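[1] quick one, structure for this:
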Amino acid sequence: MENNITTKIFAHYQSEMNKRRIEHRQFEEYIADENKYHDCIKDTEQRLKIKLKDGVCSKMLIHQLARHRCNLGEAFNEEGLNSKVIEYYSTSEILDVIEFIELEKMKGNRFDSLPLKGLYKIHHGGYSTGYSIVKNINNFWFDNEGIIKNKRQKDFNEIISKYGSGDLVTIANQMHSKAIYSRKLTGEWIIYAIHDNRKYYMCLAMHNEGDANIFEHKIKLCYQEFPELQN
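    I've put the predicted structure just below:
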């Protein structure tokens, strides 16, 4: 019975990850209702006026935040694959992280290698509803073969013992909660720079986009907006 349950739940996570991964040729940029989208941009800009102390935010990041504010989601490239993954983030959470950085209550880690060397990254979005959260939960519980990891077996057995072996929805929900509260889920970055003691918030990115792709398609655009950062 236990093997049957793990097989079904593992299959569920694989299916959900596939739903959140789309082929590049199938992807079309979503054009939101113009008025709604511009309202989200204005709302984001107003919120940033409160959150930012001395820092500045790129146009790219403002538009990214507006997409998530509108619940449109955002597609991120996967390095080496002809596909994208869809993420849905909380704009309010990201703005709170930016505020904490401004107040020096949080600090990111520097990239050590080119082409992002010298820039900073900080995690956000552990509770997103897109591809990463499903992947993280799957990796928390299962190995590559769909077997519960040895170090998770005790926790899994406790869930089965408490909620029975027939209620798959409840078991899956408990596994979801355990993964979230037992581990800092990662995978999403706010990338920013510090120049003359001023912070420049550049973009949202994922580690599996690849540093070269992030630099080429995002950071370069930010450098055009903030040429003082190129040095």
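[2] tell me which residues of stretch 222-231 are tucked away?
    Across stretch 222-231, burial judged by 16 or more other CB atoms under 10 Å covers Cys222, Tyr223, Phe226, Leu229. Where C-beta positions appear, they are placed from N, C-alpha and C, glycine not excepted.
[3] chain neighbours aside, what residue packs nearest to the last one?
    Across the structure, with CB to CB, 6 or more residues apart in numbering as the measure, the residue nearest Leu229 apart from its sequence neighbours is Ala193 (5.2 Å).
[4] go on, the first one?
    Residue nearest to Cys222 in three dimensions, not counting chain neighbours: Met202, with 4.3 Å by CB to CB, 6+ apart.
[5] also the third one?
    Ranked by CB to CB, 6+ apart and with sequence neighbours excluded, the top spatial neighbour of Phe226 is Tyr200, at 5.6 Å.
[6] give the bridge partners for the one you found, please.
    Beta-bridge pairing for Tyr200 (DSSP bridges): Val56, Ala193.
[7] enumerate every residue touching it.
    Tyr200 makes contact with Gly55, Val56, Ser58, Tyr192, Ala193, Ile194, Cys222, Phe226, Leu229, according to CB atoms under 8 Å, 6 or more residues apart in numbering.
[8] and what of Ser58?
    Contacts of Ser58 (CB under 8 Å, 6+ apart): Tyr200, Tyr201, Met202, Cys203, Leu221, Cys222, Glu225, Phe226.
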